[in-house]
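# Requesting a structural model of the entry that follows:
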Amino acid sequence: MIYVLLAYFLTGFGIAMEDLEERDKNPINARGWTFKPTLKGISFIILTWFFRPMMTWPARLSFNKAVVSGMIISSITLAWGSFCIWGCFWLANHVTDYFIVHLIVAVIAWFCLSIFIMPFFPLLMNFIMLPFGFLLGFLFPQPDTTKDINWCRNCQHYKKSKEFENLMKGLWQSPTIPQSDKLPCTITLETAEVWKAHFGLDPNKNRTMFPKECPRFVRKPQ
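Take a look at the predicted model:
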């Protein structure tokens, strides 16, 4: 149990230090408490870091999926830290029986782990989370929100065009308007101004695959 508590404290302290480092590197995205760091603020991070992944989930995730995935990430992080601390003390036990030397060896071992092993933990976490990701995707399927968008694929006038819609080399990235038979629209004469304005946008910056807010949009029945 002592290894788990120690791992919890050290992980929380490490996260607090990462927050302070992020403030220096990228103040715009830094957390508010880092601009006036106090012992109380650092203590709060140390005590609550386990719940952070559950509170800062991406908007694309459902609440239930975010909570479960956050618990898995935090639990694996805590288990990893506990295992590393146990390993440090296990090594120290095999080196000496003197308490002070024992503690020094454990600290040195932890310091070496922090430098040479810990940086690879995020990569290890990605491999560990792969099977959990598939399982969570099965248990908490994401709703199809594309059906609510006012874009060509949900319009009655839409026609499929592979040449236009290819994600990498599609005609939607063309510097000029393609021929009307290549556009994903059956009423190209009525929507000529829409397409003209759409292809006036920079394809590398603000042009999407389909025009936005087309006045001729008619939602096709579900």
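# Who are the contact partners of P178?
Residues in contact with P178 (Cβ atoms under 8 Å, 6 or more residues apart in numbering) are 163-164, 171. Any C-beta I mention is one placed from the backbone N, CA and C, and that applies to glycine too.
# So which of those are in helices?
Among the contacts of P178, the ones falling in helices (DSSP state H) are 163-164.
# Among the contacts of P178, which one sits closest to G12?
Nearest to G12 among those, counting by Cβ to Cβ, is F164 at 51.4 Å.
# ok, the closest one - contacts?
Remark: with contacts taken as Cβ under 8 Å, 6+ apart, F164 is in contact with 170-172, 178, 182-184.
# same question, W90
W90 touches nothing, counting by Cβ under 8 Å, 6+ apart.
# Likewise for P175?
By Cβ under 8 Å, 6+ apart, the neighbours of P175 are 199, 203.
# ok, now how distant is it from W86?
The gap separating P175 from W86 is 61 Å, by Cβ to Cβ, to the nearest Å.
# mean confidence for stretch 155-173?
For stretch 155-173, mean pLDDT rounds to 90.
# So which residues of the chain form helices?
Under DSSP H, the chain gives helices at 2-25, 39-48, 52-55, 63-93, 99-116, 121-139, 162-165, 192-198.
# Next, the angle helix 2-25 makes with the second one.
Helix 39-48 runs at 130 degrees relative to helix 2-25, counting by axes from the mean of the first three to the mean of the last three Cα atoms, to 10 degrees.
# Equivalent analysis for the fifth one, please.
For the pair helix 99-116 and helix 2-25, the angle between their directions (the same axes, to 10 degrees) equals 50 degrees.
# thinking in terms of the whole chain, how far from its middle is helix 99-116?
Between the centre of helix 99-116 and the centre of its chain there are 33 Å (Cα atoms, centre = their mean, to the nearest Å).
# Sketch out the low-pLDDT regions of the protein for me.
Low-confidence segments of the chain (pLDDT under 70): 56-62, 142-146.
# Can you give me the domain boundaries for it?
The record assigns the chain these domain ranges, following automatic domain parsing: 2-139, 145-222.
# Endpoints of the longest one, how far apart?
So the one you mean is domain 2-139. 35 Å (Cα to Cα, to the nearest Å).
# re earlier: TSV for the contacts of P178, including distance to K220?
Below are those laid out as TSV (distance: Cβ to Cβ, whole Å):
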residue	distance to K220
E163	22
F164	18
L171	23
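# Find the nearest non-adjacent residue to K160, please.
Closest residue to K160 apart from its sequence neighbours, by Cβ to Cβ, 6 or more residues apart in numbering: P184 at 6.7 Å.
# where's that neighbour relative to S161, distance?
For P184, the distance to S161 - Cβ to Cβ - is 4 Å.
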